Each structure stands twice: as structure tokens, then as C-alpha cells.
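J.: structure of the sequence below:
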Amino acid sequence: MSALVSILDDEPAIRSMLADALAEAGFRTMTFGRATEFEAALRRTVPDVCLVDLGLPDRDGLSLVHRLALEKGATVIIISGRAQVQDRVTGLELGADDYIIKPFDPAEVVARIRARLRTQARPQSHGDLARFNGWTAHFDRYALVDEQGAETPFSHAEGAVLRLFLESPKRLISRAHMQESLGGGAGESFDRAMDVRISRLRTKLREDPKNPRLIKTIYGAGYIFLGDVTWE
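T.: Residues are numbered from 1 along each chain as shown. As a prediction, this is how the structure comes out:
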């Protein structure tokens, strides 16, 4: 069955344009003009990808993105007219997988969605539970658990970066390899997204931002994860 994409945007013309482009590309779609309708549908079906506009008439789009990323484990792509860098950073910090600025070419949206789905479809070389340095990462429920049993949720996007690190400990992971493995827009927007997600992971792992023990930045080259990892 083809992937299901939910489109949440209060502009009928944009909903129609995206639905037509996605249908032509072979996707199933559901469209919504209000967050309340969208959230009601989520109780019945969780789509493969959610396209979410931030300027909604009945709900703050950013809070909805945060909930989707943490509770549903859905791939979330923000589509917004807010082009300021801080808006993009905030959206990515709250767990969005990608951020597309209006006006856009529908073909770009289709390409970004396909890239995300290709990443998800790649066979995982390990299971859904990893232990490292007193932490347990549960990728089936998007949670980090410390030695005392306290849980910290992480988003779908943060989980993809964490899994990449845990599957290649003590090896340099370049930005180019991250882009190839994780998909998304290339260039400055991708680099910014990675910076945000790695910063969030360091915070959740209670790292000293000035001297992180686990996720080390190798300036001009990439990152190295220094933990000892076992998979179950």
C-alpha cells in the first residue's frame, strides 16, 4: 500500500495543490484545514508523513509539531511562510524532520517526502534497544532511560541521529554521510537541522556543552560518538 501523507494547512489552494502533486506521485493523502480535525483523524490513523503549516486558525502549529514528534513518532515536515532563521530553528528543536518555506515547488515537497521514506525503509542493522554508558535508548517508543529509570522522550528526528551514532561508535561520521543516511534538504538548512538535533541530544544525555563526553565535534570533519554500545 502506498504511503499516507496528511496535509494540514488553512489555505484550500495549498491543500489542493499538494494533494494533487502527491496523488500524481502515487501517495495517498488526507487534507485538513484546522488542527482539531487533524487531531481527531490522528486518533484513528497515524500517517506516514505529516505536512504541517504553522499558521493555523485554531492551534499553535509549533506545539502541534512537538506533540506529533514526541507522541506519535511520525515524520513531520513543516511548511510555513515564516522564513526567519529562528522560526526554522525552533521548529527543528521541537522535533520536526524538515522545514520547507513558502512559496515552494510541489515537486520539492514530493522529493523531500520520498527522501524521508527511503531513509525509514532502509533495513536496520540492529534492534530497537541500545545500552551505552548508563543509558538505554528505546527506539520503539522514542525514550532514553537513565540508570535510575527516569525517562526522557526524544523525537523521531532526534532518534534517527542517535541511531546513526550508536550504530557507528568511535568512528568519524561526516556531514556528507549524515546527509546521505538521514535525507532532507542539503546545504545550510541541513547543517542547521543537524546542529539543533545534536544539541538537543547532548542536553537529554546531560552532556557538558563545552566538553561533551559522548558526542564529540571534530571541527571541519564531523562527529564521533565515544560511548560503548551494546544492542538487544
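J.: make sure I have this right: Tyr99 is in a strand.
T.: Yes. Assessed by DSSP: H, G, I helix; E, B strand; the rest coil, Tyr99 belongs to a strand.
J.: can you list the low-confidence ranges for this protein?
T.: Residues of the chain that meet the criterion pLDDT under 70 lie in 72-73, 119-126, 183-189.
J.: helices along that one, start to end?
T.: Applying DSSP state H to the chain gives helices spanning 12-24, 35-42, 61-67, 85-93, 106-121, 156-167, 175-182, 188-204.
J.: for the last one, name the packing helices and strands.
T.: If I follow you right, that is helix 188-204. Using 3 or more CB pairs under 8 Å, 6 or more residues apart in numbering; DSSP states H and E as the contact test, the elements touching helix 188-204 are helix 85-93, strand 98-101, helix 156-167, helix 175-182, strand 215-218. Any C-beta I mention is one placed from the backbone N, CA and C, and that applies to glycine too.
J.: domains in this structure, by residue range?
T.: For the chain, automatic domain parsing gives the domain ranges 4-121, 129-231.
J.: got phi/psi on the residue lying farthest from the centre of the chain?
T.: Here the centre of the chain is the reference, and by CA atoms, centre = their mean the most remote residue is Gln148, at 27.5 Å. Dihedral pair for Gln148: phi -90, psi 0, per degrees, to the nearest 10.
J.: distance of it from Gly134?
T.: According to CB to CB, to the nearest Å, Gln148 stands 9 Å off from Gly134.
J.: how far does stretch 199-207 sit from the chain's center?
T.: Here the centre of mass of C-alpha atoms in stretch 199-207, compared against the chain's by CA atoms, centre = their mean, to the nearest Å, lies 16 Å away.
J.: apologies, that question was intended for stretch 9-22.
T.: Distance, stretch centre to chain centre, for stretch 9-22: 22 Å (CA atoms, centre = their mean).
J.: could you do stretch 138-147 as well?
T.: In this view, stretch 138-147 has its centroid 16 Å away from the chain centroid, taken as CA atoms, centre = their mean.
J.: quick one: contacts of it?
T.: Outside of stretch 138-147, the residues within contact range by CB atoms under 8 Å, 6 or more residues apart in numbering are 70, 73, 128-130, 134-137, 151-156, 159, 163, 204-205.
J.: if we go to 7 Å?
T.: 70, 73, 128-129, 134-137, 151-156, 159, 163, 204 (CB atoms under 7 Å, 6 or more residues apart in numbering).
J.: in strands only, show me those.
T.: Counting by DSSP state E, the contacts of stretch 138-147 place 129, 135-137, 151-153 in strands.
J.: now stretch 203-221 - C-alpha only, PDB.
T.: What follows is stretch 203-221, C-alpha atoms only, in PDB (Å, rounded to 0.1, in the frame of the first residue of the first chain):
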ATOM      1  CA  THR A 203      21.100  18.100  26.600                       C
ATOM      2  CA  LYS A 204      19.000  15.000  27.000                       C
ATOM      3  CA  LEU A 205      22.200  13.000  27.700                       C
ATOM      4  CA  ARG A 206      23.100  15.600  30.300                       C
ATOM      5  CA  GLU A 207      26.300  16.500  28.500                       C
ATOM      6  CA  ASP A 208      28.500  19.400  29.300                       C
ATOM      7  CA  PRO A 209      28.000  21.600  26.200                       C
ATOM      8  CA  LYS A 210      31.600  22.900  26.500                       C
ATOM      9  CA  ASN A 211      33.100  19.500  26.900                       C
ATOM     10  CA  PRO A 212      30.700  16.700  25.800                       C
ATOM     11  CA  ARG A 213      31.900  13.200  26.800                       C
ATOM     12  CA  LEU A 214      29.800  11.200  24.300                       C
ATOM     13  CA  ILE A 215      29.100  13.200  21.100                       C
ATOM     14  CA  LYS A 216      32.300  14.900  20.100                       C
ATOM     15  CA  THR A 217      32.500  17.500  17.400                       C
ATOM     16  CA  ILE A 218      35.500  17.200  15.100                       C
ATOM     17  CA  TYR A 219      35.600  20.600  13.500                       C
ATOM     18  CA  GLY A 220      35.600  20.600   9.800                       C
ATOM     19  CA  ALA A 221      35.100  16.900   9.600                       C
END
